[in-house]
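# Below: sequence and its predicted model.
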Amino acid sequence: MRVDLSGIASATKKLASGEKVTYYYAWRGGPRLKGEPGSPEFVSSYEQAHRTLHGSLQGSRRRASEPVTILLLKTLLLTPKTDR
């Protein structure tokens with residue numbers, strides 16, 4: 001069975017021994033995936049990374065943005081205007 005895992009990023013590095021190694025990530029800047037592509041461990045680590053990402057955003061998105069909005073409003077309202 002083939003599984004479509006979109007957004008996977010890869011990076012090839014040359015080790016000190018001269019060996020080339022390819023690392024796979026769930027997305028650019030995301031967590032590194034374990035196992036070889038196509039293995040059950042690889043698919044499992046991909047799903048875990050996305051579950052962690054989407055689980056942390058659900059329900060907390062609105063609450064996390066409120067302090068930033070308040071801080072931005074305070075900055076805009078309390079900063080004196082200067083002539084340019």
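Right, received. Where do you want to start?
# switch to C-alpha atoms for all contacts and neighbour counts from now on
Will do.
# which residues of the chain fall in helices?
For the chain, the helices defined by DSSP state H cover 40-57, 61-78.
# Those helices: lowest mean pLDDT?
Comparing the helices of the chain by mean pLDDT, the weakest confidence falls on helix 61-78, with a mean of 59.
# For K20, which non-adjacent residue is spatially closest?
Sequence neighbours aside, K14 is the residue nearest to K20 in space, at 4.5 Å (criterion: CA to CA, 6 or more residues apart in numbering).
# Let me know whether that neighbour touches Y23 as I believe.
No - in this structure K14 lies outside contact range of Y23 using CA atoms under 8 Å: 11.0 Å.
# When these two are compared, which one has more neighbours?
Counted by other CA atoms under 10 Å, K14 and Y23 do not tie: Y23 has more neighbours, with 15 against 10.
# Quick check: bridge partners of the more buried one?
On the basis of DSSP bridges, Y23 is bridged to A11.
# Report the contact partners of it.
Contacts here follow CA atoms under 8 Å, 6 or more residues apart in numbering; on that basis Y23 touches 10-13, 32-33.
# switch the cut-off to 10 Å
Shown in contact with Y23 (CA atoms under 10 Å, 6 or more residues apart in numbering): 9-13, 32-36.
# For Y46, state which of the residues you listed is nearest.
The shortest distance between Y46 and any of the contacts of Y23, using CA to CA, involves L33 and amounts to 6.2 Å.
# if we can go back for a sec, just among the contacts of Y23, which is most surrounded?
L33 (24 neighbours).
# Was I right to think it contacts T22?
No - counting by CA atoms under 10 Å, L33 does not reach T22; the two are 11.0 Å apart.
# Can you work out which residues contact both of the two?
Taking CA under 10 Å, 6+ apart as the contact rule, L33 and T22 both touch S10.
# Cool, thanks, talk later.
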